[in-house]
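A.B. asks: missing the sequence, but the structure's below:
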């Protein structure tokens, strides 16, 4: 089963994913992000703590979400990726362009300035 939950934490909108992020579910993430950004939610935290598997289509949805938020002056960070999911981000070097944190609290208190976060690559934090 795949589900997406959205909540607001201060200046950030938390998009929590439950289930595998792959060919069948990635379009749902894409649609949700498009909707959120069009509603003005441009600072997104993608919570992957309940994701066990990400394929190339799922990664494409994440990259698309990053592009969409940064195009409008926002940003997207990733939290909670388990080791095997974090490894996919590392192998594809996405961890060099997307800030990654161990948990939501670390991301919220990281000092990342959403207004300037898109200015350059960042590695793994927290």
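C.D. replies: Perfect, thanks for sending it. Everything quoted here is computed from the prediction, not taken from an experiment. Numbering: from 1, shown residues only.
A.B. asks: hey, where'd the helices end up in the chain?
C.D. replies: Remark: helices assigned in the chain by DSSP state H are 26-38, 56-71, 83-91, 104-108.
A.B. asks: Show me which positions of the third one end up buried.
C.D. replies: So the one you mean is helix 83-91. Buried residues in helix 83-91, counted by 16 or more other CB atoms under 10 Å: 85, 86, 88, 89, 90. (C-beta placed from N, C-alpha, C; glycine too.)
A.B. asks: my read: the fourth one touches residue 99, true?
C.D. replies: No. With contact taken as CB atoms under 8 Å, residue 89 and residue 99 are classed as non-touching, separated by 10.9 Å.
A.B. asks: Residues that sit against both of those two, list them.
C.D. replies: With contacts taken as CB atoms under 8 Å, 6 or more residues apart in numbering, the residues that reach both residue 89 and residue 99 are residue 78.
A.B. asks: still on that earlier bit, tell me which of the helices of the chain sits nearest to residue 8.
C.D. replies: With CB to CB as the criterion, residue 8 lies closest to helix 26-38 of the helices of the chain, at 10.2 Å.
A.B. asks: Quick check, pLDDT for residue 110.
C.D. replies: On pLDDT, residue 110 comes in at 84.
A.B. asks: What is the neighbour count of it?
C.D. replies: Residue 110: 16 surrounding residues under other CB atoms under 10 Å.
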